[in-house]
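**Student:** Provide a 3D model corresponding to the input given below.
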Amino acid sequence: MKKSSLTILGCHSSIPTKKFNPTSQILEMKGNYFLIDCGEGTQVQLRKAKIKLNKITDIFISHLHGDHYFGLIGLLSTFHLLGREKSINIYAPRGLKEIINIHFKWSYTRLKYSIKYVELISNKLEKIMENKNLEVFSIPLKHRIYTNGFLFKEKLSKRKLNIEEIKKVPDIQIFNYKDLKLGQDFKTNDGKIISNNQLTFDPPKILSYAYCSDTSFHLPIVEQIKSVDLLYHESTFLKIEENRAIHTGHSTADQAAYIAKKAKVKKLLLGHYSNRFPNIKSFEEEAKKVFFNAEASEALKTYYL
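**Tutor:** Okay, the predicted model is just below:
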């Protein structure tokens with residue numbers, strides 16, 4: 001299994017420019033390809049990142065400001081034109097389904113594939129997706145309109161067999177392997193107990209990723225993202241523009257760092273930069289004064305959990 005990774009497609013706010021793309025990213029976790037937000041130009045960035053479009057099975061939209069979903073109708077249209085037949089799941093606030101349906105209605109388009117919508121309306125942490133390998137939760141954020149972040153958590157895998165040690169146990173049979181993988185000890189025919197730790201290896205560490213954009217400085221999210229391996233938190237402004245951040249419902253780099261520090265996350269990625277600050281390293285420098293393991297995310301760069 002490949003390592004879980006996050007590829008940033010766009011990490012700027014508001015208006016796209018020649019150099020900067022609005023928010024979008026791909027999370028690859030346990031063989032799943034999740035598209036998180038879909039700003040204008042996302043499908044071009046996907047091609048630049050050499051990510052195959054047909055691998056995407058789930059799309060998560062945080063809120064209905066254009067820089068987070070204006071690329072979606074174009075991407076869905078491309079899926080159709082490429083002959084996609086596999087269905088896709090879209091998790092988004094109420095209203096997006098209507099927007100998409102109106103577009104395809106008046107363009108007289110009948111998609112070759114189906115879309116399953118999961119409309120998000122809750123104002124509390126809520127599990128919105130689950131499969132055999134992971135769980136996804138919505139994280140209520142504080143913005144000018146209804147907005148969610150997302151928490152992605154792997155499930156604990158089964159233990160790995162220590163074949164060399166198992167060979168030393170004469171009574172053991174293949175049908176016992178399933179119990180060993182589930183953590184059970186082994187009892188020999190003469191009643192001797194052999195510890196599971198002797199016969200198996202620990203499963204891989206559970207990894208987690210939290211995405212928080214857009215939001216004002218919002219302390220309640222700290223408990224919901226405790227100890228995640230990687231946190232992406234918006235940092236639209238620097239501290240000198242804190243009043244503007246408050247007025248627009250955004251955060252500063254040092255506020256994002258404070259959230260990361262309080263939540264004891266392993267690593268912080270900054271993003272959603274305002275174009276008024278062309279040097280993104282200034283966000284990183286400000287954040288590192290509060291939380292050392294902070295980095296300014298860059299488009300088309302991949303980060304590993």
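**Student:** how is Y91 assigned, secondary-structure-wise?
**Tutor:** Following DSSP: H, G, I helix; E, B strand; the rest coil, Y91 is assigned to strand.
**Student:** who's it bridged to?
**Tutor:** Beta-bridge pairing for Y91 (DSSP bridges): F60, V118.
**Student:** who's in contact with it?
**Tutor:** D58, I59, F60, I61, V118, L120, I128, M129, V136, S138, F150 (C-beta atoms under 8 Å, 6 or more residues apart in numbering). (C-beta placed from N, C-alpha, C; glycine too.)
**Student:** state the distance from it to G66.
**Tutor:** Using C-beta to C-beta, to the nearest Å, one gets 18 Å for the distance from Y91 to G66.
**Student:** picking up where we left off before, adding pLDDT and neighbour count, write the contacts of Y91 out as TSV.
**Tutor:** As requested, those are arranged in TSV below (pLDDT from 0 to 100; neighbours: other C-beta atoms under 10 Å):
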residue	pLDDT	neighbour count
D58	98	19
I59	98	22
F60	98	26
I61	98	20
V118	98	14
L120	97	23
I128	98	18
M129	98	18
V136	98	22
S138	98	26
F150	98	25
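**Student:** pick the one among the residues you listed closest to G83.
**Tutor:** Proximity of the contacts of Y91 to G83 (C-beta to C-beta) peaks at I59, which lies at 18.7 Å.
**Student:** surely A260 is in contact with F292?
**Tutor:** No. The pair A260 / F292 is not scored as a contact, 9.9 Å apart, by C-beta atoms under 8 Å.
**Student:** neighbour-wise, which of those two wins?
**Tutor:** Taking other C-beta atoms under 10 Å, A260 and F292 do not tie; A260 has more neighbours (28 against 11).
**Student:** secondary structure element holding the more buried one?
**Tutor:** Per DSSP states H and E: A260 is located in helix 253-263.
**Student:** which single one of the contacts of Y91 is nearest to N197?
**Tutor:** Once C-beta to C-beta is applied, the member of the contacts of Y91 that ends up nearest N197 is V136, at 31.6 Å.
**Student:** what residues are up against T215?
**Tutor:** T215 is in contact with L141, K142, H143, T147, G149, I221, H233, E234, G249, H250, S251, counting by C-beta under 8 Å, 6+ apart.
**Student:** kindly recompute the last result at 7 Å.
**Tutor:** The contact partners of T215, taken as C-beta atoms under 7 Å, 6 or more residues apart in numbering, are L141, K142, H143, T147, E234, S251.
**Student:** excluding sequence neighbours, find me the nearest residue to the first one.
**Tutor:** Ranked by C-beta to C-beta, 6 or more residues apart in numbering and with sequence neighbours excluded, the top spatial neighbour of L141 is T215, at 3.7 Å.
**Student:** how much space between the one you found and P203?
**Tutor:** From T215 to P203 the distance is 33 Å (C-beta to C-beta).
**Student:** burial of F217, as a residue count?
**Tutor:** What F217 shows, counting by other C-beta under 10 Å, is a neighbour count of 17.
**Student:** no wait, E119
**Tutor:** Using other C-beta under 10 Å: E119 sits among 13 other residues.
**Student:** ok, it touching R94?
**Tutor:** Yes. Using C-beta atoms under 7 Å, E119 is in contact with R94, at 4.6 Å.
**Student:** I102: which of the contacts of T215 is nearest?
**Tutor:** T147 (22.2 Å).
**Student:** pretty sure that closest one contacts D214?
**Tutor:** Yes. Here T147 reaches D214: they are 6.0 Å apart, a contact under C-beta under 7 Å.
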